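[1] Next comes the sequence, and after it the predicted model I'd like to discuss.
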Amino acid sequence: MLVQIRRLSNAAAGIIAYSIGSRRGDVTQDELQHFRTALTGIVTVLIVAVAFLLFSANLNLIHPALAGIALIAAVLWTILTLWRSGRAMAAEISTLAGDVAKKLEQRLT
């Protein structure tokens, strides 16, 4: 199931990259990779959150500290993953903002 979800998120990233890139005329490999990184990161964070919610009661039955350790590990991993996804999207936003700034500059001159 996780493999299929990863494929779906990669396909969604490709569609988003194509729809944004088609306005400018082309889609580069870097853009596609940035969108894949961002979408895959967000989807995997959601999966880990749901998995923790499903299994935290079972971890509490084994030992109460296990749920806490798993929560700390999940939170740290989530922070790193969302940070990486944010950096990927920031690179794309920076590129798009540069393109918009060039168009505005051309209109003013």
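    All right, it came through fine.

[2] the bottom helix or strand of this protein by mean pLDDT?
    When the helices and strands of the chain are scored by mean pLDDT, DSSP states H and E, helix 2-24 comes last with a mean of 76.

[3] Please list all residues in contact with the residue nearest in space to the middle of the chain.
    Taking Cα atoms, centre = their mean, the centroid of the chain lies closest to residue 38, which sits 2.4 Å from it. By Cβ atoms under 8 Å, 6 or more residues apart in numbering, the contact list for residue 38 reads 13, 85, 86, 88, 89, 92. C-beta here means a position set from N, CA and C on the backbone, and glycine is covered the same way.

[4] Show me which positions of the helix or strand encompassing it end up buried.
    Per DSSP states H and E: residue 38 is located in helix 29-62. By neighbour count with 16 or more other Cβ atoms under 10 Å, helix 29-62 contains the buried residues 31-32, 34-45, 48, 52, 56, 59.

[5] With stretch 74-87 instead?
    For stretch 74-87, by 16+ other Cβ under 10 Å, it's 74, 78, 81, 85.

[6] And those residues, which two are furthest apart?
    74 and 85 (15.8 Å; Cβ to Cβ).

[7] sorry, back to before: what is the rounded mean pLDDT of the helix holding residue 38?
    Helix 29-62 comes out with an average pLDDT of 88.

[8] Next secondary structure element downstream of that helix?
    Later in the chain than helix 29-62, the nearest helix or strand by DSSP H and E is helix 64-108.

[9] elements contacting that next one?
    helix 2-24, helix 29-62 (3 or more Cβ pairs under 8 Å, 6 or more residues apart in numbering; DSSP states H and E).

[10] Quick one, which of the ones you listed gets closest to residue 100.
    Residue 100 sits nearest to helix 2-24 of all those, at 10.6 Å, using Cβ to Cβ.
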